[in-house]
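Trainee: whatever this is, show me its structure:
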Amino acid sequence: MVTPGNNKELIIPNGPINLNDAELGRCLETRHTYFCCMIVVLGVVIQMKVKKTTTPMTHTTDAELKANFEGSRYLIPIQKIFAHMGIIFELPSDLYCDNRAVFSIIKSERMTPRCRHFDLPIAFLHANKNKVFSPKLVKTDMMWADMGTKPNTPTTLKRFKYWSTGERFLPNKDHEHYFLLQMEFYEKSFDHILRCVKNSSNNKDRSLQK
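Mentor: Below you'll find the predicted structure:
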C-alpha cells in the first residue's frame, strides 16, 4: 500500500535479484552521489550497500548507471555462492532500475554520444545482460533501494524496512514462535524492554514470597 487506497503490486522471483538506485549530489560538502545496491533472495534483503561516488556525477543518468554497474558486480559472486552450495536459481537474475534512460541504454546495447564518457561501466552492463542479469524497469515508488539514497517519509521508510526484513514472515501473536522469539520486544525501545524485565522479575519475587 503506497498510500491509503493506493495498492500496487510487484511480483519478484525467489532470487537472487538486484535492485539499484542513486540520487545526484546529495553530499553538500563534495556534491558526490550516494547510491544503493541491494541483493534480495526470497523477498528478503541479504546484502545492502550504500556508498558514495569518488567524483561528482554530471547527470542523474550517470549516477544511476554507476549504481547499476556496482550492483551487477555484487550480484555475480552471490550467484556463484549459491551455485557452490548447490542451490540453483533460474538465471539470469532480474536487475531492477527506475531510470528509463538507464534501462534503455542497457536494453538497447548501444553507446550514445551522450554517455560515451561512461563507456567502461556501460560496456560491462552490455556484456553481462541476459547472462548475469535481465534488466527490468520499475516505478520509482516501488524501487526498494530508494531507502538507501535519500531521506524518506516515516511511512515510506517503514514500508521499505518491513519489506526488506521479511516482516510478513514473522509469527502472529497467538503463535508459539511469537513467544519463543520474544516478539513482544520487537521494535520496542530499550527502556521499555528493561521495564518489562524488571516488572517480570518483581512479580516473580512476589510469587516466591507468597
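Trainee: got phi/psi on Val40?
Mentor: Reported as degrees, to the nearest 10, the phi and psi values for Val40 are phi -120, psi 130.
Trainee: quick one: contacts for Leu95?
Mentor: Ile17, Asn18, Leu19, Asn20, Asn68, Gly71, Ser72, Leu75, Phe133, Ser134, Pro135, Lys136 (Cβ atoms under 8 Å, 6 or more residues apart in numbering). Bear in mind the C-beta positions are built from the backbone N, C-alpha and C, glycine included.
Trainee: change it to 7 Å
Mentor: Counting by Cβ atoms under 7 Å, 6 or more residues apart in numbering, Leu95 touches Asn18, Asn68, Gly71, Ser72, Phe133, Ser134, Pro135, Lys136.
Trainee: one more: Arg26?
Mentor: Contacts of Arg26 (Cβ under 7 Å, 6+ apart): Tyr34, Lys150.
Trainee: dump the contacts of Leu95 into JSON lines; add distance to Val197 and pLDDT as well.
Mentor: Listed next are the contacts of Leu95 as JSON lines, based on distance: Cβ to Cβ, whole Å; pLDDT from 0 to 100:
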{"residue": "Asn18", "distance to Val197": "41", "pLDDT": "95"}
{"residue": "Asn68", "distance to Val197": "46", "pLDDT": "95"}
{"residue": "Gly71", "distance to Val197": "42", "pLDDT": "95"}
{"residue": "Ser72", "distance to Val197": "46", "pLDDT": "94"}
{"residue": "Phe133", "distance to Val197": "47", "pLDDT": "95"}
{"residue": "Ser134", "distance to Val197": "50", "pLDDT": "94"}
{"residue": "Pro135", "distance to Val197": "50", "pLDDT": "95"}
{"residue": "Lys136", "distance to Val197": "47", "pLDDT": "94"}
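Trainee: what segments of the chain are helices?
Mentor: With helices called from DSSP state H, the chain shows them at 60-84, 100-108, 119-128, 154-165, 176-180, 190-209.
Trainee: so what does Lys188 look like in phi/psi?
Mentor: phi -110, psi 150.
Trainee: where does pLDDT dip in this structure?
Mentor: When residues are selected by pLDDT under 70, those of the chain lie in 1-2, 201-210.
Trainee: can you tell me which of the helices of the chain is most buried?
Mentor: Burial of the helices of the chain is given as mean neighbour count (mean count of other Cβ atoms under 10 Å); helix 60-84 ranks first at a mean of 20.
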